[in-house]
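Student: Quick check, what structure comes out for this input:
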Amino acid sequence: MTTRTEYWEELLVLAAEIKELEPWGWMYESDIFGVEDPVTGIVNYVSIMGNLGEHYSVSAYMGEEGLKSYIYFNENHETLPPETILEMPQLMLSFEYRDRLQKEDYELIKKSKLKFRGSNSWPLFKQYSPGFLPYTLEPAEQRTMLYILQQAIEVAKRFKDDEEVIFHPDPEKEDYYMIRKPETKNNEIIWTDTFQEIVYPSDIIQSRVSTEMISSFNKMPLGSLIFAADLFILNHPTEEPGHKVFFPYLLLLVEKNSRMVVGTEMLTPMDGFDEMLSKAPETLLKFLLNQDAKPKKVQVQSERLFNLLEPLFEDLIFISLELIPNLGYLKETKDDLMGMMGG
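Tutor: Purely as a prediction, here's the structure:
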């Protein structure tokens, strides 16, 4: 492929082909297959959505981390906030109403020779990167999306004739996915089917809490209060020079009986989403060290925050960490706080 900087014309041609093909008529979003990027070697896991007639798209979850985030969201979507979709690394082509397109998206279509009309017909290309506002594909991502859409069309046509094409012949190998794998011969990319077992990345995120802080906390007198902690996204897109638009996150600590906010700190994903998450344990411990006595327990309603804090609490004495799915008093305090912030 040529070393051009933009591939919009080809992408829009492929988008028009997919819209005409309507593969969501015979594929479900759970019919996932992989496409290996010939340049980066990263496997993007493709899901074709629209079988329910509500949202038509081709999403490519980036790497095993992206696939894992999709599976987690799919299994827990009823209890997760809708903004969780912003944390799923993916490239997406969706078909939208005209008024859903921003000016830059419309201009890309206008410059092409293609015509799109009607509801759910306007192609919109976006990358979702955890913690950031979805943004227009950059050249490398455009190139990757070309491969993804080309193979999505190929696989969808074959799937229509044979639904078993993306599944491993051995039904016991449920963690194997069909991967479209490229091989370059005579400057031409040849694509073949392979089946690959997925090894998901660890959930463990290393934090850096000093032994001095832990020792200082353990020396504090015992108390009887119960605190609740939460880490959540704020609906306040923020832009700083040299960075993409991001969403700040708020770490919140609340006292149960009084509903008093005893600690807040803004965290940002600009240095990486996992890097941001790794700061949560140390920040929470700073909140606790500012109290007159250690609380009896800290409650959280987020499984992610529980997993982040659990290693820290193994080193803290006379205090427990509890995971309780719905903390009413925490939700009330969050709602009040968000109301004051205009969110």
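
Student: Residue 124 should be in a strand, yeah?
Tutor: Yes. Using DSSP: H, G, I helix; E, B strand; the rest coil, the secondary structure at residue 124 is a strand.

Student: What count of nearby residues applies to it?
Tutor: Neighbourhood size, residue 124 [other CB atoms under 10 Å]: 21. Quick note: C-beta positions are derived from backbone N, CA and C, even for glycine.

Student: tell me which residues of stretch 160-179 are tucked away?
Tutor: For stretch 160-179, burial by neighbour count (16 or more other CB atoms under 10 Å) applies to 166, 167, 168, 176, 177, 178, 179.

Student: Determine how far the last residue of it lies from the first.
Tutor: 18 Å (CA to CA, to the nearest Å).

Student: hmm, who's touching it?
Tutor: If you take CB atoms under 8 Å, 6 or more residues apart in numbering as the criterion, stretch 160-179 is touched by 23, 26, 31-36, 43, 45, 155, 158-159, 193-198.

Student: for stretch 291-302, same thing?
Tutor: Contacts of stretch 291-302 (CB under 8 Å, 6+ apart): 217, 220-232, 253, 256, 262, 284, 288, 306, 309, 313, 316, 318-327, 330.

Student: List only buried entries from those residues.
Tutor: Looking at these with 16+ other CB under 10 Å, the buried ones turn out to be 217, 220, 225-231, 253, 256, 262, 284, 288, 306, 309, 313, 316, 319, 321, 327, 330.

Student: Keep only those of the residues you listed that are in strands.
Tutor: 226, 227, 228, 229, 230, 231, 253, 262, 321 (DSSP state E).

Student: Please name the bridge partners of the last one.
Tutor: Counting by DSSP bridges, residue 321 is bridged to residue 298.

Student: what sits against it?
Tutor: 297, 298, 299, 300, 306, 309, 310, 313.

Student: rerun at 10 Å
Tutor: 229, 297, 298, 299, 300, 305, 306, 309, 310, 312, 313, 314 (CB atoms under 10 Å, 6 or more residues apart in numbering).

Student: cool, the third one as well?
Tutor: Counting by CB under 10 Å, 6+ apart, residue 228 makes contact with 252-256, 259, 262, 295, 297-301, 322, 324, 327, 329-331, 333-334.

Student: Skipping adjacent residues, who's closest to it in space?
Tutor: In this structure, residue 228 finds its nearest non-sequential neighbour in residue 330, 4.2 Å apart by CB to CB, 6 or more residues apart in numbering.

Student: Quickly note the distance from the one you found to residue 141.
Tutor: 38 Å (CB to CB, to the nearest Å).

Student: what pLDDT does residue 337 get?
Tutor: Note for residue 337: predicted pLDDT of 85.

Student: got it, and the one 4 residues further on?
Tutor: Here the pLDDT value assigned to residue 341 is 74.

Student: okay, now it: neighbour count?
Tutor: Neighbour number of residue 341 under other CB under 10 Å is 11.

Student: Need phi/psi at residue 272.
Tutor: phi 120, psi 140 (degrees, to the nearest 10).

Student: how many neighbours does it have?
Tutor: So residue 272, with other CB under 10 Å, has 11 neighbours.

Student: Next: residue 58.
Tutor: 27.

Student: can you pull the contacts of it?
Tutor: Counting by CB under 10 Å, 6+ apart, the residues that residue 58 touches are 14-15, 18, 23-24, 46-50, 91-95, 123, 125, 145, 148-149, 152-153, 156.

Student: What segments of the stretch 1-150 of the chain are strands?
Tutor: 33-36, 43-49, 56-62, 90-96, 122-128 (DSSP state E, counting those that start in this stretch).

Student: Can you check which of the ones you listed gets nearest to residue 236?
Tutor: Ranking those by proximity to residue 236 (CB to CB) places strand 122-128 first, at 18.0 Å.

Student: helices or strands up against the closest one?
Tutor: helix 8-21, strand 56-62, strand 90-96, helix 103-111, helix 139-161 (3 or more CB pairs under 10 Å, 6 or more residues apart in numbering; DSSP states H and E).

Student: In TSV, list the ones you listed along with distance to residue 83 and mean pLDDT.
Tutor: As requested, the helices and strands packed on strand 122-128 are exported to TSV (distance: least, CB to CB, whole Å; pLDDT from 0 to 100):
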stretch	distance to residue 83	mean pLDDT
helix 8-21	26	96
strand 56-62	17	97
strand 90-96	15	97
helix 103-111	21	90
helix 139-161	22	97
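
Student: Against residue 238, how distant is the residue lying closest to residue 240 once chain neighbours are set aside?
Tutor: What sits nearest to residue 240 in space, not counting adjacent residues and going by CB to CB, 6+ apart, is residue 270, at 7.3 Å. Separation of residue 270 from residue 238 (CB to CB): 9 Å.
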